[in-house]
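Participant: predicted model and sequence below, questions to follow.
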Amino acid sequence: MLQGLHHAAYRCRASAETRRLSEDLLGLPLVKAFEITPTQTGSTTPTLHSLYRPDYGGCIAFFDAPDLALVSKGHT
């Protein structure tokens, strides 16, 4: 049975905009930000990871890879 979630990660368009939304509008404090190059998939594109902590614990993480196209798959 699932007892908790360490973090959930989402792609974002721009880290600065995501930070304003997360901190100013949602009240989620930034707890860590770091760049990963290369990624675990072997990509050499600089990827910024930002983690925000909700009151209930865990983290909501966003990653921004400005050199990669952001593709929307849409819903049917």
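Facilitator: The structure has been received and is ready for your questions.

Participant: mind listing the helices for this structure?
Facilitator: According to DSSP state H, the chain carries its helices in the segments 15-19.

Participant: residue boundaries of the strands in it?
Facilitator: For the chain, the strands defined by DSSP state E cover 7-11, 30-36, 47-52, 59-64.

Participant: how about CSV for those, with mean neighbour count, distance to Arg19 and mean pLDDT added?
Facilitator: All C-beta atoms are positioned from the backbone trio N, CA, C, and that covers glycine. Below are the strands of the chain laid out as CSV (neighbours: other Cβ atoms under 10 Å; distance: least, Cβ to Cβ, whole Å; pLDDT from 0 to 100):
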stretch, mean neighbour count, distance to Arg19, mean pLDDT
strand 7-11, 11, 14, 84
strand 30-36, 12, 6, 92
strand 47-52, 20, 7, 91
strand 59-64, 19, 9, 91
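
Participant: among these, which is nearest Glu17?
Facilitator: Among those, the nearest to Glu17 by Cβ to Cβ is strand 59-64 (9.5 Å).
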